[in-house]
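>>> Give me a 3D structure for the following:
(chains A and B)
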2 protein chains.
Amino acid sequence: MKNRIAALFGIQYPIIQAGMVWCSGWRLASAVSNAGGLGIIGAGSMYPDVLLEHIQKCKKATSKPFAVNVPLLYPNVQEVMDIIVAEGVKVVFTSAGNPASWTGFLKEKGITVVHVIANTKFALKAEACGVDAIVAEGFEAGGHNGREETTTMCLVPMVKAVVKVPVIAAGGIGSGSAMLAAFALGAEGVQIGSAFAVAEESSAHPNFKHRIVQAVEGDTKLTMKKLVPVRLLKNEFAEAVAKAESEGANVEALAHLLGKARAKLGMFEGNMDEGELEIGQVSAMLQDIKPAAVILHSIWSEFLEEKNRLSALEFSDYR
Amino acid sequence: MKNRIAALFGIQYPIIQAGMVWCSGWRLASAVSNAGGLGIIGAGSMYPDVLLEHIQKCKKATSKPFAVNVPLLYPNVQEVMDIIVAEGVKVVFTSAGNPASWTGFLKEKGITVVHVIANTKFALKAEACGVDAIVAEGFEAGGHNGREETTTMCLVPMVKAVVKVPVIAAGGIGSGSAMLAAFALGAEGVQIGSAFAVAEESSAHPNFKHRIVQAVEGDTKLTMKKLVPVRLLKNEFAEAVAKAESEGANVEALAHLLGKARAKLGMFEGNMDEGELEIGQVSAMLQDIKPAAVILHSIWSEFLEEKNRLSALEFSDYR
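Below is the predicted model:
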């Protein structure tokens, strides 16, 4: 009856904190790992020398396992991978790219590899490349997202049906009951982004954290579909994108509108009007900024409570 | 420990077959009710005299409770409601409109009323109007859909958190494991559309049923967002809409492109190229055309099996 995800990473709870640009540096990753989950440093928003610093600080801040997330389409991937190997990082999550490109390299070095996908085609491809687990991320997730728009409720069982490696569900999970739903669908672990983006240890700008906890239903939208689909909080920038898309803007016009460094401007520098604010639908349910350990332990407690509640349900015949 | 949804309707299993245009006439509704669920006649595609015939045939075909679904924005609602009252229908599901308009009228006649919503605002409004239960339908559902694009995984717990009446989850549910996930999220019943659209007793055209069981991941898309959002199977018509939308078509252009009676053309008359084919994301997981009773009982068996599997899960500490 062992949980393959906790066993794979050598952790206490099968809860993974998503690698998120501008949010998940060494402080958040080490806090989550120290609390018994798997913390991830998000390399997507870091130059190689910055990543090196975060890995070194994380190793000092925790003796527990942690991981690095590497979006494969970003520049400097070779340099990033060399740092990861040199620093002895034991777990790498790859995303936004082809799992064929780096899985073999990392596995040869004895590193545990997990790939993030949004459809079964890439799940099968990742498994064929030798990954140890797969993150199946649904439409409701924040940030970059799949073109099929398959939700977590549909994606997790579809992926589970075709792969043998354990599946980690992502998208729409910020509570113990959602974690239990993911396990009902066949997941053996969960990856949680938004709920940790508002952790005290998250490096997101305070303005962004406050905006997230104020977010209500319908405040996020999957946008930029002609470019790279991304779920954003609605603000002045997102409204401008929506207007341009509604009027038929093409890829070039959208790329021009996006410009450079908007995610940093919003999420890290706190410009709530002009920044790109990546967050999931679950933001509507987040109410507080709390330490990562409190967030993790309350999700785990609720998971166990809800598991007991569900187990105890009995059904009578009311005909 | 009683299940409020089964008790409310006087049924055996808390499984409701969605009222679906061109699919759910008396044959499907009575088959589902006879099998122990709640069958629903979908009035949305019926002239009042056709509805009357379906209700009368349904009463002859089953002694068990069944319901009628009435989209409130359609014409002839008064006439439809008068038929429902005169025929002694005991349960009405209202959708696509304001719950304030008809809930009081139906409740005064002693009818159990359920309203379908896609956001918490309308859930609260429906509850205030006195409905007996609420269907919370997520983004992955087929047919007409909410503008917020909130998925079942996020919508069900949000609705559950604010209402006291029982919540029925809809969208992405076509299996026992998805039903269990809905219960983990706080639902006390499920409404299932797509999986019953392909039942032998569904009045959908055989061409449509075969197209559904052949559908793969990414084959449906929420479209017509400027008009009324609707999830459709991709075909020649849906591609034409996607192209028009991508080029910035306005409401009038989309309405013109849609024209009249396209849902009937596709779903009932079997024109797979030019028809409007309403179905959910879960269609990618449907493989066979089977009797409604077989579909219902296999979902229920899997629900109980998965509930046992989930209950038995134990977690060790792998630190």
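
>>> Can you check the pLDDT for the residue of the stretch 201-319 of chain A found nearest chain B?
Nearest residue of the stretch 201-319 of chain A to chain B (Cβ to the nearest Cβ) works out as A:Gly248 at 2.7 Å. From N, CA and C alone the C-beta is placed, and that goes for glycine too. A:Gly248 is assigned 96 on the pLDDT scale.

>>> helix, strand or coil for it?
Classification of A:Gly248 using DSSP: H, G, I helix; E, B strand; the rest coil returns coil.

>>> Excluding residues flanking it in the chain, which one is nearest it?
B:Gly248 (2.7 Å; Cβ to Cβ, 6 or more residues apart in numbering or on different chains).

>>> Give me the mean pLDDT for stretch A:282-292.
The model assigns stretch A:282-292 a mean pLDDT of 98.

>>> now it: how far from the chain's centre is it?
In terms of Cα atoms, centre = their mean, to the nearest Å, the centre of stretch A:282-292 is found 15 Å from the chain centre.

>>> okay, that stretch in CSV with CA atoms only?
Coordinates of each C-alpha in stretch A:282-292 appear next as CSV, following Å, rounded to 0.1, in the frame of the first residue of the first chain:
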residue,chain,number,x,y,z
VAL,A,282,-8.0,28.1,-7.3
SER,A,283,-6.8,31.6,-6.3
ALA,A,284,-10.5,32.4,-5.8
MET,A,285,-10.4,30.1,-2.7
LEU,A,286,-7.2,31.4,-1.2
GLN,A,287,-7.8,33.8,1.7
ASP,A,288,-4.6,34.2,3.7
ILE,A,289,-0.8,34.7,3.5
LYS,A,290,0.6,32.0,5.8
PRO,A,291,3.9,30.1,6.3
ALA,A,292,4.4,27.3,3.8
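
>>> List of residues touching it?
A:17, A:28, A:31-32, A:35, A:39, A:140, A:142, A:172-175, A:178, A:194-196, A:198-202, A:209-210, A:212-213, A:215-220, A:233, B:150, B:154, B:157-158, B:161 (Cβ atoms under 8 Å, 6 or more residues apart in numbering or on different chains).

>>> Which among the residues you listed count as buried?
A:17, A:28, A:31-32, A:35, A:39, A:140, A:142, A:172-175, A:178, A:194-196, A:198-202, A:209, A:212, A:215, A:217-220, A:233, B:150, B:154, B:157-158 (16 or more other Cβ atoms under 10 Å in any protein chain shown).

>>> In helices only, show me the residues you listed.
Counting by DSSP state H, those place A:Leu28, A:Ala31, A:Val32, A:Ala178, A:Ser194, A:Ala195, A:Phe196, A:Lys209, A:Ile212, B:Cys154, B:Pro157, B:Met158 in helices.

>>> rewinding a little: so the residue nearest to A:Gly248 touches A:Ala244, yeah?
No. The pair B:Gly248 and A:Ala244 does not pass the contact test of Cβ atoms under 8 Å, sitting 9.3 Å apart.

>>> Which of the two has more residues huddled nearby?
For B:Gly248 and A:Ala244, the more surrounded residue by other Cβ atoms under 10 Å in any protein chain shown is A:Ala244, and the numbers stand at 18 against 14.

>>> so how far is A:Val251 from that one?
A:Ala244 sits 11 Å away from A:Val251, taking Cβ to Cβ, to the nearest Å as the criterion.

>>> For the stretch 201-319 of chain A, which segments count as strands?
A:220-223, A:230-233 (DSSP state E, counting those that start in this stretch).

>>> Please work out which of these is packed deepest.
Of all the strands of the stretch 201-319 of chain A, strand A:230-233 carries the top mean neighbour count, a mean of 24, counting by mean count of other Cβ atoms under 10 Å in any protein chain shown.

>>> quick one: is it near chain B?
No. Using Cβ under 8 Å from any Cβ of the partner chain, strand A:230-233 never reaches chain B; the gap is at least 9.7 Å.

>>> same check, this time on stretch A:111-118
No. Judged by Cβ under 8 Å from any Cβ, stretch A:111-118 makes no contact with chain B; its nearest approach is 9.8 Å.
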